[in-house]
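Asker: Below are the sequence and a predicted model; questions follow.
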Amino acid sequence: MAKIGLFYGSNTGNTENVAFQMKEEFDKILPGVVEVHNIGRSTPEDILRYTYLIFGIPTWNTGELQDDWDAFMPRFDSMDMTGKKVALFGLGDQNGYGFNFLDAVGILADKVMERGAQVWGLWSKQSYEFEESKARVEEYLLGLGIDEVGQTEMTRERIRTWAKDVKKEFAL
C-alpha cells in the first residue's frame, strides 16, 4: 500500500501533538501507512516521494505562516506536484483571531494547487464561529480546522472523522 507523508510545522508543539494524534487515528484504519515529518527538517525531495500527503500548519498572529512553513514556501516554486493528493489540517483560534482563522491553510492550499496538486479533505465550517478565512470556500474549509484554544474537547473526534474521510478520498 502507498505511504502517506504527513508534514507539519510547529513552534509551540501544538501542531506536532495534533500530527501525532492524526497518525494514531490513521494507524487504526491504515496501520503503518502514515510517516510523520517536521517540515523544518524536510526537503522538496522528501515531499515529492509521496503521492499522498497531509500538511499540518498553524496560523500565527494575524494570518501568518508558521516559521518553518514560511521558510519552506519558496521551495514549492521549483516543485512539480502534478498528481499529488494533498489533505491539510490547521490550528487556529477562531475567537481570538476570527478575521483570519486558518489563513495559513488557505495560503498553503493555494500554493500546492498552483504547483499542480489536488486538495482533498475539505471540512464543514458548520461548527466554527469566525468572520473571515483564506481557508474558506463556501460552506467548507480547505482542510480540517483544529481550535485547541476554544474547542479542545472536539479535537479527537474531528481527527477521527477526518482521517476516515481522507482515507476514502485518497481511495486507500
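Answerer: Here it is on my side, so go on.

Asker: and the closest residue to E25 other than its chain neighbours, what pLDDT?
Answerer: The shortest distance from E25 to any residue other than its chain neighbours is 4.1 Å, reached at A163 (CB to CB, 6 or more residues apart in numbering). Every C-beta, even on glycine, is put in place using the N, C-alpha and C of the backbone. According to the prediction, A163 has pLDDT 98.

Asker: what's the longest strand in this structure?
Answerer: strand 52-60 (DSSP state E).

Asker: Buried residues, it. List them.
Answerer: Y52, L53, I54, F55, G56, I57, P58, T59, W60 (16 or more other CB atoms under 10 Å).

Asker: Show me what that strand is packed against.
Answerer: Counting contacts by 3 or more CB pairs under 8 Å, 6 or more residues apart in numbering; DSSP states H and E, strand 52-60 packs against strand 4-8, helix 14-29, strand 85-91, helix 103-114.

Asker: Run me through the strand neighbours of the third one, direction for each.
Answerer: Pairing partners of strand 85-91, with direction, according to DSSP bridges: strand 52-60 (parallel), strand 118-120 (parallel), strand 144-146 (parallel).

Asker: For the longest one, output the C-alpha coordinates as CSV.
Answerer: Presented in CSV, the C-alpha positions along strand 52-60 are these (Å, rounded to 0.1, in the frame of the first residue of the first chain):
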residue,chain,number,x,y,z
TYR,A,52,-0.5,11.1,-0.8
LEU,A,53,0.3,14.0,1.5
ILE,A,54,-1.0,15.6,4.7
PHE,A,55,0.2,19.0,5.6
GLY,A,56,-0.3,20.4,9.1
ILE,A,57,0.1,24.1,9.7
PRO,A,58,-0.9,26.6,12.4
THR,A,59,-1.9,30.2,11.6
TRP,A,60,0.2,32.7,13.5
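
Asker: Pull the residues that contact the helix or strand following that strand.
Answerer: Counting by DSSP states H and E, the next helix or strand C-terminal to strand 52-60 is strand 64-65. For strand 64-65, the external contacting residues (CB atoms under 8 Å, 6 or more residues apart in numbering) are I57, T59, D70, M73, D103, A104, I107, L108.

Asker: Quick one: buried ones out of the residues you listed?
Answerer: Buried, going by 16+ other CB under 10 Å: I57, T59, D103, A104, I107, L108, out of the contacts of strand 64-65.

Asker: What pLDDT does the model give the closest residue to the second one other than its chain neighbours?
Answerer: Looking back up the chat, that one is T59. Nearest in space to T59, with sequence neighbours left out and distances taken as CB to CB, 6+ apart, is A104 at 4.1 Å. We have a pLDDT of 96 for A104.
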